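J.: My questions concern the predicted model and sequence given below.
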Amino acid sequence: MLGKIKPDLQQNLFKTRLTDLINLGHPLVKLSQEISWDKMEVEFENLYSTQGRPSIPIRKIAGMLLLKEMFKESDESVVERWIENAYWQYFTGEEFFQTHQPFDPSEFVHFRKRLKEKGLEFLLSQSVSLHPKAKNEKEVQIDTTVQEKNISFPTDAKLAKKVIDNCTKIAQKAGVVQRQTYKRVAKQHLRDAYFGHHPKRKKKATMARKKLRTIGHRVVRELERKLPEELQKQYQAEFTLYKKVLTQGRNSKDKIYSLHEPQTACIAKGKAHKAYEFGTKVAVVRGRNTGIITAVKRFLGNPHDSKTLEESLAQSERVRAKIGGTRPEIASTDRGFRGQTQVGTTQILIPKNNKEKTKYKQEVARKRFRARAAIEPTISHLKRNHSLGLNFLKGVTGDVHNALLAGIGYNLKLRFNQIKELIIFWLQLLFNFFTKNKTTILMEFKIVAF
C-alpha cells in the first residue's frame, strides 16, 4: 500500500517547524519546489498494492535517492546526513525537524528493484524537465566510457583460489566430507604466484598458478561425485562457471573476471595510466547547447561504439517523449563511431579526414567537433562527482540502475548550481544598485555556506 505524507498545519509544542529553521531562499529549497512530486507519485502508484501496511512515502524515499546521487553518498551515509541536515529533510517533504532516521538503508535496494529501468528513466525525464530547452534540442553529443565494477584486479591465481574456497563452503553446507580442504596449501600457492614477472620468481609463480588450477579441478570433480543428485542440479550453474574459470587462457573469448560478477568485461580504453578497466560499457547522450544528459545506456560486454548508437538514441527519445520532447535530429561523435551515418531519423556526424567543399562548411564542422569535446569533462564529472566512477550495485540490474542514477544526479546538480548562481547574481545586483546610489539603507544578507 502506497504511503503518503499528510500535511500537518497544527503547531507542535515539542518539535520545531523546518520553515522556522532554514533559509527559504536556499537553492535546495527552490529545487524542491521545481520538482513535480505529484507526477512522481502518480507514476509509481501502480507499483504498490492497494492493501497492506503503508509504504514509505514516495517523496521521502525518492527525494533521498535524488540527494544520494546529487552529493555522491552511499545508502548508509545519506540516511545519517539526513538526520543532521534540515534542508535535506525539507527537500523530502518533512515539516518538523526529525532526530531519528526515516527508514533502514536497505529500503533503497527494494525501491530500486521496484522501479526497474523504466521507473529510473522516468526520474531521468523529470530531471531533464527542469531544463525546458533540453527536451527539444536538435543536436546531441554521444560518447562511450567504462563503468568500472567494484572488484579487485583479476588474476588466474586469485580466481582459482576463490573456486577452491567456494567448493569448500558448498561441501560444508551440504555435509560432504572432503578428502582434503587445501585451505593452507592453496593459501601458500597464492603467495607464491605473486610477482611472477620477476625473473627470479617466474618459474615458481608459474608452477604455483598451475598447481592452483589442478587443485581447483580436483575439488570440483570430488563435489560432483559426492553430492546428491538433487544438490548437483542446484549447483550445476556454479560448477559450469568454475570449470570455465579454471580452463580459460590468456586469449580465451568471453573470459570470467569475477565469480560474483560474471558479466564484468575487460575493456581497453588506451589510457596511459590505466591500460584496462573492468566493468561495462556505457554510452552517454548530452545536449550540445544545454549540456543536459538525456540518456545513459549500459551495454553488455564490449561492443563496438557504432553498435551502441541505436539503443542510446532510442533511450534518449523515450526520456524526451515522457515530457513532450522530440528525438534528436543530429548526433555528433568521434571517429570511434565510424560505420554509421544514419540511425533512424537521426543523422550521425563523424570527423572526416577530407575537408568540406566550402570555407563556411569547414568552419561549421570545426566548431561542431570542437564543441563535441565538451562531453569529455561531463563524463569526468559523472565519474568523480556522481556514482559512475565505481559501481557498488550488484549484478546486471545494478549496472543499469547505477548508470541511470548517475545521469539523474548530474542533471539535478546542474540545476542546483544554476539556482545558486542566479541567487548570487541578484544579491550582487542589489548590492551594486544600493552602493552606486550611495544610500544608507542597511541590508542583511543571509549568506549560506555551500
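T.: Nice, I can see it. Residues are numbered from 1 along each chain as shown.

J.: is it true that Phe108 lies in a strand?
T.: No - assessed by DSSP: H, G, I helix; E, B strand; the rest coil, Phe108 does not belong to a strand; its assignment is helix.

J.: if I pick it, what's in contact with it?
T.: Ile61, Met64, Leu65, Lys68, Asp75 (CB atoms under 8 Å, 6 or more residues apart in numbering). Any C-beta I mention is one placed from the backbone N, CA and C, and that applies to glycine too.

J.: and if you look at Arg320?
T.: Ser125, Val128, Lys135, Asn136, Thr294, Thr326, Arg327.

J.: so which of the contacts of Phe108 comes closest to Gly389?
T.: Distance to Gly389, by CB to CB, is smallest for Lys68 among the contacts of Phe108, at 14.7 Å.

J.: wait, is the closest one part of a helix?
T.: Yes - checked against three-state DSSP, Lys68 lies within a helix.

J.: Pretty sure it sits against Glu76.
T.: No - using CB atoms under 8 Å, Lys68 makes no contact with Glu76, being 10.2 Å away.

J.: Compare these two (neighbour count), which wins?
T.: Counted by other CB atoms under 10 Å, Lys68 and Glu76 do not tie: Lys68 has more neighbours, with 23 against 13.

J.: And that one, what's its pLDDT?
T.: For Lys68, the pLDDT comes out at 96.

J.: Which residue, other than its chain neighbours, is closest to it?
T.: Val78 (4.3 Å; CB to CB, 6 or more residues apart in numbering).

J.: And what about that neighbour, helix, strand or coil?
T.: Per three-state DSSP, Val78 ends up helix.

J.: Torsion angles phi and psi at Asn354?
T.: Per-residue torsions, Asn354: phi -80, psi 140 (degrees, to the nearest 10).

J.: What is the burial count for Arg368?
T.: Neighbour count for Arg368, taken as other CB under 10 Å: 16.

J.: In a strand, it, correct?
T.: No - according to three-state DSSP, the state of Arg368 is helix, so it is not within a strand.

J.: got a pLDDT number for the spatially closest residue to it that is not a sequence neighbour?
T.: In space, and not counting its chain neighbours, Arg368 is closest to Ser332: 5.5 Å by CB to CB, 6+ apart. Per-residue pLDDT puts Ser332 at 94.

J.: show me where the stretch 151-300 of the chain has strands.
T.: 265-268, 276-287, 293-299 (DSSP state E, counting those that start in this stretch).

J.: okay, now the residue nearest to Gly93 when sequence neighbours are not counted: neighbour count?
T.: Among residues not flanking Gly93 along the chain, Arg59 sits closest, at 4.1 Å (CB to CB, 6+ apart). Arg59 has 21 neighbours, counted by other CB under 10 Å.

J.: Show the pLDDT at Arg59.
T.: Looking at Arg59, the pLDDT reads 94.

J.: Then the one 4 residues further on?
T.: Note for Gly63: predicted pLDDT of 95.

J.: who touches the helix or strand harbouring it?
T.: Using DSSP states H and E, Gly63 maps to helix 58-70. Contact partners of helix 58-70, identified using CB under 8 Å, 6+ apart, comprise 2, 5, 32, 35, 37, 40-41, 44, 73-75, 78-79, 82, 88, 91-94, 102-103, 107-108, 111-112, 123, 386-387, 405-406, 408-409, 412-413, 416.

J.: Distance from the chain centre to it, please.
T.: For helix 58-70, the gap between its own C-alpha mean and the chain's C-alpha mean amounts to 15 Å (CA atoms, centre = their mean, to the nearest Å).

J.: Which positions in that helix come out as buried?
T.: Of the residues in helix 58-70, 58-70 count as buried by neighbour count, 16 or more other CB atoms under 10 Å.

J.: Check stretch 222-230 too.
T.: Glu222, Leu223, Lys226, Leu227.

J.: Correct me if wrong: the second one contacts Cys167.
T.: Yes - using CB under 8 Å, Leu223 and Cys167 qualify as a contacting pair, with a distance of 5.7 Å.

J.: quick revisit: list only buried entries from the contacts of Arg320.
T.: Here, 16+ other CB under 10 Å leaves Ser125, Val128, Lys135, Thr294, Arg327 buried among these.

J.: In which helix or strand does the second one reside?
T.: Going back to what we said before, that points to Val128. Using DSSP H and E, the element containing Val128 is helix 107-129.

J.: The residue lying closest to Ile56 once chain neighbours are set aside: what's it in contact with?
T.: Spatial nearest neighbour of Ile56, excluding adjacent residues (CB to CB, 6+ apart): Phe103 at 5.4 Å. When contacts are counted by CB under 8 Å, 6+ apart, Phe103 is found next to Ile56, Lys60, Ile61, Val79.
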